[in-house]
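>>> need a 3D model of the following:
(2 chains)
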Amino acid sequence: MRNGEASYVSDQKYAGRRGGFADAVRLTMRICVQLLLGALALLTIVTVAVLLGPMLALDLYTPPVAAWWTVFTAVVVQGVPFLLLGALVSAAVGALVPGRVFSRLLPRSPALAVPVAGAAGAVLPGCECASVPVAGSLMRRGVAPAAALAFLLSAPAINPVVLVATSLAFPGQPMMVVARFTASLATAVAMGWLWARFGRTQWLRLSSRPAAESGTSRAGAFVAGLQHDFLHAGGFLVVGAGAAATFNIAVPRALLDVFTASAWVSVLLLALLAVVLCVCSEADAFVAASLSGFGPVAQLAFMVVGPMVDLKLFALQAGTFGREFALRFSSATWVTAVLGSVLVGWWLL
Amino acid sequence: MRKYGPAVLLLLVGAAVLRISLFSDLYLRYVQAGLRPYLILSGVMLGSLGLLRGALTVRAARTGAPGTEGHGHPAEDGPDHGHSHAGGPRIAWLLALPAVALLCFPPPALGSYSAAREEARRAEEYVGTFPALPAGDPVELSLAEFGSRAAYDSRYSLRDRTVRLTGFVSTGDGGTWYVTRLQVACCAADATAVKAEVRGAGAPEADAWVTVTGTWHPRGRLGPAAAWPPVLDATTVRAITEPSDPYEER
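From the prediction side, this is the model:
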């Protein structure tokens, strides 16, 4: 502001004389001074960084930090192809299938629509980050909230990409894949029915968004959806990888062994861990497999809870459906998922 | 600049993935060999998606009205995200962290620090017989194979054979040292250590890569409790450079 005034004043002053030339000279001078100052600052920063950097880096780059970086990078590298595949197919489904199709395929009665929508989750190979906006748009297109919520919970857990990833992570244990599918679908359907029975619509606050359906090409929508899904989920994957690496390095294995002794405590511990670690459903089987000190039921609970309740998902849900909803829904889902995985794990594993 | 954020990010991640999978073997420090084709494919797709995104943004900036800079976004931004911001989701910028790390200073493979923490938990397996050892003198064995035969082979196939083991050095209590390797099932997050104690040679520096040639030193009964970790009486210890695949497949 002050700059503007000054130049205004000087403009007045010099206007009568050879104003244009003087202005040009002043501008050049100013740019020169700024460049000089900027270069000086840059030089100082570079010098300090070059002199102090290696010392500081060597001090900070201890074996635990190096191991943290490696584990962190490894989880991200492992997740990228799966994430991209998920984003690819979910963008294709989102851009190429009109919303009407969903509401036509689903039965009218919510009690019937819930299991159908839950099972339909198998066709959306996205991770949980992708399924939240899809569930939101399903509700907007007139699908019963109970059905959309069952879809929201089941889609990230029982789709083929996740199941293939699970079988890769647990080689030679096909029952783990079956148990994950069963427990996740059961939890999703149970939550859908619970919502149909006890849910209140005023808890749901769908954020409005402009209807931009017309005027955009399908290819444009596809590219935009793909890019957004990948970047959005990728950001949360980095958060999850950081948390996983921190956990990997910071928590001594001996401490975990204390909990692995008791089956109940280890199930609850891993169910809580799934909430905190926020690993994407396409990569969480690998993390579960790495928690090799725990029993299979606890690992199952980790994989059932993870895609349904975690911190990043809570943030996404709060953004899409409102915080009041997210709080109630997430806590109820956590309890249901733990019960479901204990029952199924006890039965199958 | 904000407008070009998504394109820059996609290019960055694509370049990082290609750098470790297509242009080098660095990906083996983080994941298994089998993932390579998928990594290369993802890198190529992310790169081209970034280029496409950049081209669309440039075109939108050229054709769009000059006043639209502050609010709203180009029509190509799609119907999906009315709440969204022209720069793409902000959380996505976190992707730049691992991407830049991989491009500029790829993190090292896990070493003796992790080996000390991630001892492989030995299941109570039954002692049984193993197929005959391959011919060769010395015979090259993975540390996992050496450990299994030492602990479980009731026919003692390791007896009277000279074996060669490759791994990095990790140290234990009282001057003992081990030739160690980490086993990875999927990615470095699930690494567990397998090792063999080396006797008859002084300890090299921790984390140095070595091949050790020697003979198995039986220790009484079989089974993981009595025979773990297995012991090798070394005749030669030779320093080597770190192999491109630092882990053993599980």
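
>>> where do the strands sit along chain B?
For chain B, strands defined by DSSP state E occupy the ranges B:139-140, B:162-171, B:177-184, B:192-199, B:209-216, B:231-239, B:247-249.

>>> turn these into a markdown table, columns for distance to B:Ala16.
Backbone N, C-alpha and C define where each C-beta goes, glycine included. Shown next, in a markdown table, are these (distance: least, C-beta to C-beta, whole Å):
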| stretch | distance to B:Ala16 |
| --- | --- |
| strand B:139-140 | 34 |
| strand B:162-171 | 26 |
| strand B:177-184 | 20 |
| strand B:192-199 | 27 |
| strand B:209-216 | 26 |
| strand B:231-239 | 32 |
| strand B:247-249 | 21 |
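
>>> for B:Gly47, what are its contacts?
B:Leu10, B:Leu11, B:Gly14, B:Ala15, B:Leu18 (C-beta atoms under 8 Å, 6 or more residues apart in numbering or on different chains).

>>> ok, the second one touching B:Ser48?
Just to be clear, that refers to B:Leu11. No: counting by C-beta atoms under 8 Å, B:Leu11 does not reach B:Ser48; the two are 9.6 Å apart.

>>> I'd say A:Asp310 and A:Leu272 touch.
No: using C-beta under 8 Å, A:Asp310 is not in contact with A:Leu272, being 10.4 Å away.

>>> name the residue in these two with the higher neighbour count.
Using other C-beta atoms under 10 Å in any protein chain shown as the criterion, A:Asp310 and A:Leu272 rank with A:Asp310 on top: 27 against 15.

>>> got the phi/psi numbers for that one?
phi -160, psi 170 (degrees, to the nearest 10).

>>> that one and A:Leu273: what is the separation?
Using C-beta to C-beta, to the nearest Å, A:Asp310 is found at 10 Å from A:Leu273.

>>> that older thread, quick one: which of the contacts of B:Gly47 has the most company?
Most neighbours among the contacts of B:Gly47, by other C-beta under 10 Å: B:Leu10, with 29 neighbours.

>>> ok, the residue nearest to that residue when sequence neighbours are not counted - contacts?
Leaving aside its sequence neighbours, B:Leu10 sits nearest to B:Gly50 (C-beta to C-beta, 6 or more residues apart in numbering or on different chains; 3.3 Å). B:Gly50 sits next to B:Pro6, B:Ala7, B:Val8, B:Leu9, B:Leu10, B:Leu11, B:Leu12, B:Gly14 when contact means C-beta under 8 Å, 6+ apart.

>>> give me the helix or strand of chain B that scores worst on average pLDDT.
The weakest-scoring helix or strand in chain B, judged by mean pLDDT, DSSP states H and E, is helix B:224-227 (a mean of 62).

>>> re earlier: out of the strands of chain B, which is closest to chain A?
Proximity to chain A (C-beta to the nearest C-beta) singles out strand B:192-199 among the strands of chain B, at 6.9 Å.

>>> briefly note if that closest one comes near chain A.
Yes: figure legend: strand B:192-199 in contact with chain A (C-beta under 8 Å from any C-beta of the partner chain); contacting residues B:Thr192.

>>> per-domain residue ranges of chain B.
Using automatic domain parsing, the domain parsing of chain B gives B:2-104, B:112-249.

>>> quick one on the thing from earlier: how near is the residue nearest to B:Leu10 to B:Ala15?
9 Å.

>>> what ranges do the helices span in the stretch 1-150 of chain A?
Assigned by DSSP state H, counting those that start in this stretch, the stretch 1-150 of chain A shows helices spanning A:2-15, A:19-60, A:63-96, A:99-105, A:110-120, A:128-140, A:145-158.

>>> of all these, which lies closest to B:Trp209?
Closest approach to B:Trp209 among the helices of the stretch 1-150 of chain A (C-beta to C-beta): helix A:63-96, 16.1 Å.

>>> could I get the CA-only coordinates of stretch B:98-107 as CSV?
The C-alpha coordinates for stretch B:98-107 follow below in CSV (Å, rounded to 0.1, in the frame of the first residue of the first chain):
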residue,chain,number,x,y,z
PRO,B,98,9.4,-39.5,-0.5
ALA,B,99,9.6,-38.5,-4.2
VAL,B,100,12.4,-36.0,-3.6
ALA,B,101,14.1,-38.4,-1.2
LEU,B,102,14.1,-41.1,-3.8
LEU,B,103,15.4,-38.8,-6.5
CYS,B,104,18.1,-37.0,-4.6
PHE,B,105,19.3,-39.3,-1.7
PRO,B,106,17.7,-42.7,-1.9
PRO,B,107,17.6,-44.2,1.7
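
>>> pLDDT value on A:Pro174, please?
pLDDT recorded at A:Pro174 is 90.

>>> A:Val238 now?
Per-residue pLDDT puts A:Val238 at 82.

>>> so it makes contact with B:Pro98?
Yes: the pair A:Val238 / B:Pro98 is scored as a contact, 6.3 Å apart, by C-beta under 8 Å.

>>> shared neighbours of those two, anything?
In contact with both A:Val238 and B:Pro98: A:Val76, using C-beta under 8 Å, 6+ apart.

>>> these two: which has the busier surroundings?
Set A:Val238 next to B:Pro98 and count neighbours by other C-beta under 10 Å: B:Pro98 wins out with 27 against 23.

>>> ok, the more buried one - contacts?
Counted by C-beta under 8 Å, 6+ apart, B:Pro98 has contacts A:Phe72, A:Thr73, A:Val76, A:Val77, A:Val238, A:Ala241, B:Ala16.

>>> which among those residues gets closest to A:Leu43?
The closest of the contacts of B:Pro98, once distances to A:Leu43 are taken by C-beta to C-beta, is B:Ala16, at 29.6 Å.

>>> any idea where the helices of chain B begin and end?
Taking DSSP state H as the criterion, chain B carries its helices at B:5-21, B:36-63, B:96-104, B:112-117, B:143-152, B:224-227.

>>> most tightly packed of these?
Among these, ranked by average contacts under mean count of other C-beta atoms under 10 Å in any protein chain shown, first place goes to helix B:5-21 (a mean of 23).

>>> give me the helices and strands touching it, please.
Counting contacts by 3 or more C-beta pairs under 8 Å, 6 or more residues apart in numbering or on different chains; DSSP states H and E, helix B:5-21 packs against helix A:63-96, helix A:218-250, helix B:36-63, helix B:96-104.

>>> ok, B:Arg199 - contacts?
By C-beta under 8 Å, 6+ apart, B:Arg199 lies in contact with B:His217, B:Val231, B:Leu232, B:Asp233, B:Ala234.

>>> run the last query once more with 7 Å
Going by C-beta atoms under 7 Å, 6 or more residues apart in numbering or on different chains, B:Arg199 touches B:His217, B:Val231, B:Asp233, B:Ala234.
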